[in-house]
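I would like to see how this sequence folds:
(one chain, ligands or ions: 1)
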Amino acid sequence: MSAGGIVPRQSFQEAARVTLANAQMRRNLGHATTTIREKRLRAVSELPNWEELRDEGAALKDHVLANLGDYLLDLEASVKRRGGQVHWARDAAEARGIIADIAASHGAREVIKVKSITTDEIELNAGLAERGIHAIETDLAELIVQLAEDRPSHILVPAIHRNRAEIRELFRRKLGAEGLTDEPKQLAEAARLYLREKFLTTKVAVSGANFAVAESGTVCIVESEGNGRMCLTMPEVLISVMGLEKVLPTWQDMAVFLRLLPRSSTAERMNPYTSFWSGVTPGDGPREFHLVLLDNGRTDVLADEVGRQTLRCIRCSACLNVCPVYERAGGHAYGSVYPGPIGAILTPQLLHLEDKNANTLPWASSLCGACYDACPVKINIPEVLLYLRGKITEEKPLSAEAIAFKTAAWVMSEPHRFEGAIKLARMGQGPLVRNGAIHALPGMLGGWTESRDLPPIAAQSFREWWRKRPAPEMRGTDGDAQTSEGEPIAPQREDGVPL
Ligand code: SF4
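Residues are numbered from 1 along each chain as shown. All right, here's what the predicted structure looks like:
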C-alpha cells in the first residue's frame, strides 16, 4: 500500500474492456459529462478575457514551479508564525503515518474528512483503518462512494457513474433511510441527518487544500455543499494535506485561480463555499492545525522539462468532461484516483514510468486535443502524452510491435518495396475478405479488427491507375500546351485541326 491509490491494478486496455460493458455506467456518464460540458462553455464564454486569464494562470504556475523550494519554505514559516505545525511527507506511507499519529495522539477512533483527492492518493482511509481509526467522508459524492464500498471515478464528482435511483437504494440499505424518493432534496436530507451527528461529535478532521498562500500561510478550500466548512471549523484538530505544487506566492495570485477554477469545474461564476484558514485563532475554530506537505513523486515530475507542466493542474476536471475516451471508458478504467486526460499523464509520472499498468495510460487518448483546449492552465496534455509514449517505448525491450513498425518503415521507404508489398498483401488477403470487408485479422493483428472492419486492398492501386491512364495534357510556364514529356503541342482548334 506504499505508493497509494494511484497504482492501477490492471492495464487501461484490460480495465476498459470491463467498464465498457457496463451500459448503465456509460449512460450515467454520458448524460453527466454532456450537461457539464455545455454549462462550462456558457460560463467561460461570459468572460471576454478568458484566454488572457488562462495565460496568466499558466504563467503564474510556471513561476511557482521554477521557485518551488523557496515558496514552500515561505509557506512553512508563515504557517508556523500563525501557530500551525508543518510536516513534510516524502511518500504516501509517510503521509499516512503522520496523519494517523496525530489522530491517535488525540485518542480519535473516528475522523471526519472533507473531500480531498490527495487523501485518496495516499489511501488515507485504509491507512487509518489499520490503526483502528474510521474515516467518515462528508462530501455527498464521496459519502456515496464510501457507503457503496466503491471507488471514485471523477475528480470532482466521484460518484458520477451512479444515478439517483442507485443512490436512493444505497441510502435505504446503509443509512436505514426508508421511504426515500430519488428527489435530490430528499437524498441530500438523508445524508445531512447522518452527517450532522458526525460533525457535532468528531474531534479530528482531515482536509485537502486547493491552494495555500506562501506569504500568509493561508490554506484554501473551495466546495459546493458547506460540509467542508463544517469540517474546517467544528473539530478541535484540523489536519490538511496538500501536494507540494498547490502553493501560491500571494493573495493576489489566488484571485486568478478563484476565477479560473469554478467556471472550469462546476461551470459556476463562483463556487458556493470558499474557506480560508491561517494557523489557529484562540476561541475560534480548531485549536490545533497541521499542514502535511506531500511529495510522492512530484519533485521527480518537476525535474522533467516536458512533464513539469503537469504540475500546473488545479484539478478542475474540465479535461475529463470533454474527453471522448473518459466519457466511454469511465473513471475506473484508469485504475488510479486521477482518471481522464490528467490521470493519463500524472499517474505514470508520479509512478516514474516503472509501473507496467500505469505505463499503458498515455495510450488512453485519441489525441483529439479537446483536453488542451479546455484546460484553464493550458497544460499541453497531448504533448505530454506523446512524450511519455516515446519514453515508455524507448525503455521497453524490442517488442514484436516495434519490429513490425521498423519493418513497415523499411518497406515504405522505397516505392518498389511498397508496391511489391501491396501486391503480395492483395494476393494474400483473399481468404480473409467476406462481403467486401475484412472482419477479423489473424494473430497479433486481430486487435485492429476487434471493434472495426478493415477495407480490403483495392484491386488497383492509385499508382497502377496513374501509370495506365493516357498521358495528360500539360501546360508550360509560358502557358503553351505540352505533352507529359515536355514536347510543345501545336495550338489546335476545338475540332483538333492545327491552327
Ligand atoms: S489538466 Fe487542466 S483541465 Fe485537467 S484537471 Fe488539471 S487543470 Fe483541469
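
Okay, and the residue positioned nearest the centre of the chain sits in which element?
The centre of the chain sits closest to Ile342, judged by Cα atoms, centre = their mean, with a distance of 2.7 Å. Element membership of Ile342 [criterion: DSSP states H and E] is helix 340-350.

before we move on, the earlier item: show the contacting residues for the residue nearest to the centre of the chain.
155, 310, 313, 315, 319-320, 371, 379, 381 (Cβ atoms under 8 Å, 6 or more residues apart in numbering). C-beta here means a position set from N, CA and C on the backbone, and glycine is covered the same way.

Among the residues you listed, which ones lie close to the ligand?
Restricting the contacts of Ile342 to those near the ligand by Cβ under 6 Å from any ligand atom leaves 313, 315, 319, 379.

among those, which two are most distant?
Maximum pairwise distance among the ones next to the ligand among the contacts of Ile342 (Cβ to Cβ): 11.5 Å, between Arg315 and Ile379.

what about those two, which has more around it?
A count of neighbours by other Cβ atoms under 10 Å puts Ile379 above the other of Arg315 and Ile379, at 24 against 18.

That one falls within a strand, correct?
No: assigned with DSSP: H, G, I helix; E, B strand; the rest coil, Ile379 falls outside any strand and is coil.

how near is it to Thr119?
Distance of Ile379 to Thr119, given as Cβ to Cβ, to the nearest Å: 23 Å.

Tell me if the helix holding Ile342 is near the ligand.
Yes: for helix 340-350 and the ligand, the contact criterion (Cβ under 6 Å from any ligand atom) is met by Ile342.

Just the C-alpha atoms of that helix, please, in PDB.
Output of helix 340-350 as PDB, limited to C-alpha atoms (Å, rounded to 0.1, in the frame of the first residue of the first chain):
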ATOM      1  CA  GLY A 340      -9.100  11.100 -17.600                       C
ATOM      2  CA  PRO A 341      -6.500  13.000 -19.500                       C
ATOM      3  CA  ILE A 342      -4.800  14.500 -16.400                       C
ATOM      4  CA  GLY A 343      -4.600  11.000 -14.900                       C
ATOM      5  CA  ALA A 344      -3.100   9.600 -18.100                       C
ATOM      6  CA  ILE A 345      -0.200  12.000 -17.800                       C
ATOM      7  CA  LEU A 346       0.100  12.500 -14.000                       C
ATOM      8  CA  THR A 347      -0.200   8.900 -12.800                       C
ATOM      9  CA  PRO A 348       2.600   7.400 -14.900                       C
ATOM     10  CA  GLN A 349       4.900  10.300 -14.000                       C
ATOM     11  CA  LEU A 350       4.200  10.000 -10.200                       C
END
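
pLDDT of that helix, averaged?
Averaging pLDDT along helix 340-350 yields 97.

next structured bit after it?
Following helix 340-350 toward the C-terminus (DSSP H and E): helix 370-374.

same for that next one, what does it pack against?
Counting contacts by 3 or more Cβ pairs under 8 Å, 6 or more residues apart in numbering; DSSP states H and E, helix 370-374 is packed against helix 318-322, helix 340-350, helix 381-395.

which parts of it are buried?
Of the residues in helix 370-374, 370-372, 374 count as buried by neighbour count, 16 or more other Cβ atoms under 10 Å.

And stretch 212-219, by the same measure?
Going by 16+ other Cβ under 10 Å, stretch 212-219 has these buried residues: 212-214, 216-219.

and of the residues you listed, the nearest to the ligand?
Nearest to the ligand among the buried residues of stretch 212-219: Ala212, at 17.0 Å, using Cβ to the nearest ligand atom.

Name the next helix or strand downstream of the helix or strand hosting that closest one, please.
Per DSSP H and E, Ala212 falls inside strand 211-213. From strand 211-213 onward toward the C-terminus, using DSSP H and E, the following helix or strand is strand 218-223.

partners of that following strand in the sheet?
Partners of strand 218-223 in the sheet, by DSSP bridges, are strand 211-213 (antiparallel), strand 273-278 (antiparallel).

for Ala177, helix, strand, or coil?
On the three-state scheme (three-state DSSP), Ala177 is labelled coil.

give the contact list for Gly335.
Gly335 is in contact with 7-10, 12, 15, 357-358, counting by Cβ under 8 Å, 6+ apart.

Secondary structure and neighbour count added to those, as a markdown table?
Converted to a markdown table, these look like this (DSSP: H, G, I helix; E, B strand; the rest coil; neighbours: other Cβ atoms under 10 Å):
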| residue | secondary structure | neighbour count |
| --- | --- | --- |
| Val7 | coil | 19 |
| Pro8 | coil | 23 |
| Arg9 | coil | 9 |
| Gln10 | coil | 15 |
| Phe12 | helix | 26 |
| Ala15 | helix | 21 |
| Asn357 | coil | 21 |
| Ala358 | helix | 29 |
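
can you put the residues you listed in CSV and add distance to the ligand and pLDDT?
Listed next are these as CSV, based on distance: Cβ to the nearest ligand atom, whole Å; pLDDT from 0 to 100:
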residue, distance to the ligand, pLDDT
Val7, 20, 93
Pro8, 18, 95
Arg9, 23, 93
Gln10, 23, 94
Phe12, 17, 96
Ala15, 20, 96
Asn357, 21, 95
Ala358, 17, 96
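
Can you tell me which of those residues is nearest Pro431?
Of all the contacts of Gly335, Pro431 sits closest to Phe12, with 33.4 Å by Cβ to Cβ.

Just after the top helix by length along the chain, pick out the following helix or strand.
As assigned by DSSP state H, the longest helix anywhere in the chain is helix 23-45. Next in sequence after helix 23-45, counting helices and strands by DSSP H and E, comes helix 50-66.

Now do the buried residues in whatever helix or strand comes next after that following helix.
Next in sequence after helix 50-66, counting helices and strands by DSSP H and E, comes helix 68-81. Residues 68, 71-72, 74-76, 78-79 are the ones in helix 68-81 that count as buried (16+ other Cβ under 10 Å).

quick one, helix 68-81 and helix 50-66 angle?
Going by axes from the mean of the first three to the mean of the last three Cα atoms, to 10 degrees, helix 68-81 is angled at 80 degrees with respect to helix 50-66.

could you point out which element follows helix 68-81?
strand 85-89.

Which other helices and strands does whichever helix or strand comes after that following strand contact?
Note on strand 85-89: by DSSP H and E, the next helix or strand toward the C-terminus is helix 92-105. Packed against helix 92-105, as judged by 3+ Cβ pairs under 8 Å, 6+ apart, are the following elements: strand 85-89, helix 124-130, strand 204-207, strand 237-243, strand 288-294.
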